[in-house]
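*Asks:* got a sequence here, can you model it:
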Amino acid sequence: MRSSELSMPARGFAAEARSEGRSTAQSLSVTRVAGICFGVGTQILFLYTAYGLLNFLRFGTTQHIQGWAAVDIALAVTFAIPHSILLLPPVQKRLKAWLAPGLMGCVHCATTCFTLLIPFRLWGGSDQALRILNGWSEQLVLALFYASWLAMICSLFQTGMGYQTGLTQWWYRWRKEQPPARPFITSGMFRWMRHPVSTSFLGLIWFTPQMTVEHLILTVVRTACIYVGSYPKDRRLRRFLGPAYQRYGERVPGSPLIGFGSLNRYKTA
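*Replies:* Numbers count the residues shown, from 1 in each chain. A predicted model of the protein is given here:
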């Protein structure tokens, strides 16, 4: 009788432990499935955004709204704000506290996509064309436009397309492996400029055969955002890569299209 009485609590504790184990396993399973869905969804969103960006920059918009100029300026500026917030150390620390490892890159990619997709839907246009090219000049500018696309794709692949979209971190995380370290690239397009992705994007917005007022707004605001954003970007790279990046910056400008300020060569230390 006494042995039976002693074994009953033990059986109860064992049953409770098994129940907690099943609950934890179910929770981990749900978390894993959610992470997989988020990672796959981010890559689909990236492809959709790239296609939309090509059409938006090439053909503009036919949408006419009241007060379109103020709306367009706000939309153009808004692109840079979420990135600046996400890169703040306190925000990074808080995100890493509750976000599953390997998903941070997907968060950055998804944020970029949404800040590009919103202007596609809300951007207002006008019929005020400041410049319309025809004939050989139009074909030349279009060739430079598509060459900028090719340059952007090449530079993204060279620096690690999977890191840009969050795919690499996500893939290795769900395989339970450590992702390889990103190499310090100084070859290819990086031989002539430190920020070929940003420079290629400048080409996408500058090279247009039909410069309208709203496209000029986009060009001026986004160019200013890229220039201002190059300062904290270079500071982060110098902090992570150390003296090697400082020496690299003394040889290579940030962008040959904007050869001053942080996009110029570094002064010799």
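*Asks:* could you use CA atoms for every contact and neighbour count after this?
*Replies:* Will do.
*Asks:* could you pull out the strands for this protein?
*Replies:* Secondary structure of the chain by DSSP state E: the strands cover 129-132, 210-212.
*Asks:* out of those strands, which is the most enclosed?
*Replies:* Here the criterion is mean neighbour count by mean count of other C-alpha atoms under 10 Å, and of the strands of the chain the winner is strand 210-212, at a mean of 19.
*Asks:* pipe the strands of the chain into CSV and attach distance to Gly261 per row.
*Replies:* Below are the strands of the chain laid out as CSV (distance: least, C-alpha to C-alpha, whole Å):
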stretch, distance to Gly261
strand 129-132, 29
strand 210-212, 27
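*Asks:* who wins for proximity to Tyr48 among the ones you listed?
*Replies:* strand 210-212 (24.6 Å; C-alpha to C-alpha).
*Asks:* and that closest one, what does it pack onto?
*Replies:* Identification of packing neighbours for strand 210-212 by 3 or more C-alpha pairs under 8 Å, 6 or more residues apart in numbering; DSSP states H and E yields strand 129-132.
*Asks:* so for the strand it packs on, mean pLDDT?
*Replies:* Across strand 129-132, pLDDT averages out at 84.
*Asks:* adjacent strands (with direction) for it?
*Replies:* strand 210-212 (antiparallel) (DSSP bridges).
*Asks:* report the separation between the residue nearest to Thr159 when sequence neighbours are not counted and Ile153.
*Replies:* Nearest residue to Thr159, sequence neighbours excluded (C-alpha to C-alpha, 6 or more residues apart in numbering): Ile185, at 6.7 Å. Look at Ile185 and Ile153: by C-alpha to C-alpha, to the nearest Å, they are 15 Å apart.
*Asks:* what do you get for Ile118?
*Replies:* According to C-alpha to C-alpha, Ile118 and Ile153 sit 22 Å apart.
*Asks:* hey, where'd the helices end up in the stretch 151-269 of the chain?
*Replies:* Along the stretch 151-269 of the chain, the segments classed as helices by DSSP state H, counting those that start in this stretch run 161-165, 167-174, 196-206, 213-241, 243-251.
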